[in-house]
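Peer 1: Below: sequence and its predicted model.
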Amino acid sequence: MTNLQMPKVDKSILSSKDKITSDLNQILKSENILSHEDEIRPYETDALAAYKQKPLLVVLPETVKQVSEILMYCNENKIKVVPRGAGTGLSGGALPLADCVLLGMGKFNKILEIDYQNKCVVLQPCVTNLAITNAVQDKKFYYAPDPSSQIACSIGGNVAENSGGVHSLKYGATTNNLLGIQVVLMDGTIARFGGKTLDSEGYDLLGLMTGSEGLLGVITEVTVKILKKPEVAKAALIGFSSIEDAGQCVSEIIAKGIIPAGMEIMDKALTKATNDYSKAGYPVDAEAMMIVELDGTETEVSELIKRVEDIAKKNKCSSIKINKSEEERLKFWAGRKAAFPACGDLAPDYMCMDGSIPRGKLAEVLKEIQRLSKKYELPVANAFHAGDGNLHPLIMFNANDPEQLRKTEEFGSEILKYCVKVGGALTGEHGVGIEKRELMCEAFNNTDIKQQIDIKVALDPNSLLNPGKVYPILRKCAEEGRVHVHGGKTKFPDIPRF
Amino acid sequence: MSMEEKQNSQTFQDFSSSVLKPNKEKNIAEIIKHCYKKNIPLEICGSGSKKNIGRNFQSQKTLDLTNYSGIIKYEPEELYIKVKSGTPIKEIKETLEKNNQHLAFEPTDFGPLFEGQTNEGTIGGVLSCNFSGPRRFKVGSARDHILGFKGVNGKGEIIKSGGTVVKNVTGYDLSKVITGSFGTLSVFTEISIKVLPKPDLTKTLVISNPHLKKGLEHLSVALSSSCDPSGAAFYPEFFQDQFTFNDLTTRGSITAIRIEGSKLSIDERIKQLINELDVDKKEISILDPEQSNIFWEKTRSLNVFSNLKDNLLRIIVPGSEAFDLINKLKIYNIKYFIDWGGNLVWLQLDQLNSSILKAIKTIVKNLGGYLTVIKVDESLKASIDIFTIDDVKYKISEKIKKSFDPKRILNPGKMYTGI
């Protein structure tokens, strides 16, 4: 990945920059077209900051009509378009191309309607995730998916990536909390999928668009459902002297029919780092630490927390602490939510991986990660959304050392391959983007990928919308020797390159 | 070699019969590939419980998946079950029951409506149609519970998407688009589906005698409360005789709100709900767990429409519009009940023709909803649209269809002409 190959730059587009600028000026006010190097620099990367590329131009539309006209124009003139929300994505989904028009959706930042009767909010795509909850919390409602970047990430980006959060097991990811979207396709078509109803007519195109990483359409409006805040939430902070015991405890909680609102595990390295950073009162001697949160009515929560306590004791927990106040509960979480910055204190850089695994495989996978950590001589700390099986190993390295960066990427790839091997997935919530593009061959075969690309081609025949993301580029795959060869046939003989 | 082994080992070359019942995935793929090459339109079906829903269309052969049945893997602690697509829902439910788990979306049972007795169909059929029961507004529909699948597209290629873990964003979420596509995009072969623990207990708060407006208000308050209801339905007075329960002490229309959980928690929440609803004690009854289960089973299986001779529509609108909808439809001779806390209306019409249907569609569309014709006289079926769709979405759907099934051989025209 270090020498990531992107779609071939169209030199004729580069040389027509002035013409394209003046053509787009017919659609947009000139102040909404950025072309000077200093103006476009902020758009050269997203949160996968190891990769940078300045786009040809940045456009900042203000209306759906403008989005449609820009796409129609680019489609007719074969100009690549990369959509961008808040730019907080961790897989490089909004990385520009040298010959692309970067479609910044930042001006779509208004909440359009709060409909308490139908328990939904209609909003523009660049409203932040947290702003939804902020807008409805005085009536004790909230929006459930809570990715860790929720203070900054946009709802449009959440839809494009199908973002999750720590409460996915009980409340689902973005796709389970969406009612409708308005979307503009590459040919300029403006479409609505869903609305304020439960489910929608015909094909579930809302479901198809969600998590399509900006390859199928540009989201211009979103309707999300909001939920009533549970009366009470209580959390238990539990220490274990082995990862196995912690893993067994998770399995048993679920087997006993308890679905916690959140269930997080951190390994010793991360527990110590976060505790040093945020003074959360964590059991720093424990090999694994778990936070289990239960929500509902007072009686229900007290009942369940008692059951969780019993299960934890049965599984040889070394310590257990139930929050006594709301303040204490938030402190438990503050540590977990500071896990990433805490790693920033341990090493100059860290790379956050995002695999999904069956809950029961936690101990096995962590053992393998420890083995790989020794092999690559790079320290690693692990955070695990135990409720939904989403594992985030944080590999610590120094990006100024090219050899370390290369090793980190290899280490990361090996972890993700192992996740797939034990029955999990390459990415739980961060998306494929450019980061895991070449690993798609691990999860899918030629036919699977071809079917997905056929859908892409059906909606964007010239592959102009966010090309180079999600699906492997043939030559790269072959060059790196990552293509599986079956019976002398390479895996992707007929995949269009984009 | 036993007879069964012999059958399993041979390739599926007998295309002469009009109904093909393969029992292996590769045979399913072979059949579809053959039909793709020869341009043979196929009807895809499971046990046929929802066969009558959808448009009539021309097919030369039927691909019957009931022989492709069985549980592949069930991991209660991982909260999923992987099954072959022809597996009966009944078998899945019985398997899950052993670990006190269930399919939380409660698939609608159309058996009573079409056959006068329960027939829950197969998992492949349930997902292909995406009809979910009373718990829908709380837990999502079938499409929210599928984790991954293997299937065969219209070219006879075996494809897969998703997996067995809840969090997975690797590639497009094809499970969603195949679910609810009525077998027009791909044929499911293997399905991994999320399962959840069954609630310890269920009770139902019934408020009698509120007229529709009040009933809908109650449902809305319930859905907005932190009591976390898992069922919210309204039956008008004309259905009162269908529900005779010992615990039901009042007569009249029924507004029913289901509360599930542990015993202490249920009682506490029902008490809280009664306060929030601000209803008179005389108006309320509380169904015990057993009667409660019967009530919601009846709702899930459209029991009030058993052996219905008339027409039945399934209308989905935003909850806030249900009152307006019923008022506007009153000019027709209708019977109805409301589920999903006001979001779903099951509408029985003794008379239906294309102009009435057109008028109803306009009303529903203007209220931001959509409808599906579930049951209609065969003579009318050929001349009406069973599903609604707008032009833009139709054009996009046409392209999606083509990307899966370029020669239109899988259930062609079952949903829309040309798709």
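Peer 2: That came in fine, so what should we check first?

Peer 1: Secondary structure element for the closest residue to chain B within the stretch 101-250 of chain A, which one?
Peer 2: Residue of the stretch 101-250 of chain A nearest chain B, by CB to the nearest CB: A:G207 (2.6 Å). For the C-beta atoms, the positions are set from N, CA and C on the backbone; glycine is no exception. For A:G207, the host element (DSSP states H and E) is helix A:205-209.

Peer 1: got the contact list for that helix?
Peer 2: With CB atoms under 8 Å, 6 or more residues apart in numbering or on different chains as the test, helix A:205-209 has contacts from A:159, A:175, A:178, A:180-181, A:183, A:191, A:193-194, A:200, A:216-217, A:219, A:455, B:143, B:172-177, B:179, B:393, B:396-397, B:400.

Peer 1: From those, which land in helices?
Peer 2: Under the assignment DSSP state H, the contacts of helix A:205-209 contribute A:159, A:455, B:143, B:174-177, B:393, B:396-397, B:400 to helices.

Peer 1: Go through the residues you listed and say which is closest to B:Y80.
Peer 2: B:S175 (12.6 Å; CB to CB).

Peer 1: May I have the residues that are in contact with the closest one?
Peer 2: Each residue near B:S175 by CB under 8 Å, 6+ apart is listed here: A:207, B:143, B:146-149, B:161-162.

Peer 1: what's the distance between the residue in chain B that chain A sits nearest to and B:N209?
Peer 2: Per CB to the nearest CB, the residue of chain B with the smallest distance to chain A is B:K176, at 2.6 Å. Distance, B:K176 to B:N209, using CB to CB, to the nearest Å: 42 Å.

Peer 1: If you count surrounding residues, which of those two has more?
Peer 2: B:K176 (25 against 18; other CB atoms under 10 Å in any protein chain shown).

Peer 1: Would you confirm that the more buried one contacts A:T175?
Peer 2: Yes: taking contacts as CB atoms under 8 Å, B:K176 lies within contact range of A:T175: 7.1 Å.

Peer 1: Which neighbours do these two have in common?
Peer 2: Residues touching both B:K176 and A:T175 (CB under 8 Å, 6+ apart): A:207, A:210.

Peer 1: is the helix ranked longest in chain A anywhere near chain B?
Peer 2: Longest helix of chain A, by residue count under DSSP H: helix A:402-421. No: shown here: helix A:402-421 not in contact with chain B (CB under 8 Å from any CB of the partner chain), separated by at least 8.7 Å.

Peer 1: which strands and helices sit next to that helix?
Peer 2: strand A:349-352, strand A:355-356, helix A:362-376, strand A:390-397, helix A:440-443 (3 or more CB pairs under 8 Å, 6 or more residues apart in numbering or on different chains; DSSP states H and E).

Peer 1: Buried residues, it. List them.
Peer 2: Across helix A:402-421, burial judged by 16 or more other CB atoms under 10 Å in any protein chain shown covers A:404-405, A:407-416, A:418-420.

Peer 1: Show me what it is in contact with.
Peer 2: By CB under 8 Å, 6+ apart, helix A:402-421 touches A:1-2, A:50, A:351, A:353, A:355-357, A:365, A:368-369, A:372-373, A:375-378, A:380, A:391, A:393, A:395, A:397-399, A:425-427, A:436, A:439, A:442-443.

Peer 1: Filter these down to the buried ones and express that as a PyMOL selection.
Peer 2: Those of the contacts of helix A:402-421 that count as buried under 16+ other CB under 10 Å are selected in PyMOL with:
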select buried, chain A and resi 1+50+351+353+355+356+357+365+368+369+372+373+376+378+380+391+393+395+397+425+426+427+436+439+442+443
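
Peer 1: Which members of the contacts of helix A:402-421 additionally contact chain B?
Peer 2: Within the contacts of helix A:402-421, those near chain B by CB under 8 Å from any CB are A:356-357, A:425-427, A:436, A:443.

Peer 1: Looking at the residues you listed, which two lie furthest apart in space?
Peer 2: A:I357 and A:K436 (15.2 Å).

Peer 1: picking that back up, what's the nearest residue to the residue of chain B closest to chain A if we skip its chain neighbours?
Peer 2: Sequence neighbours aside, A:G207 is the residue nearest to B:K176 in space, at 2.6 Å (criterion: CB to CB, 6 or more residues apart in numbering or on different chains).

Peer 1: low-confidence ranges in the chain?
Peer 2: Because you didn't say which chain, this covers chain A. A:1-3, A:474-498 (pLDDT under 70).

Peer 1: could you do chain B instead?
Peer 2: Scanning chain B for pLDDT under 70 picks out B:1-13.
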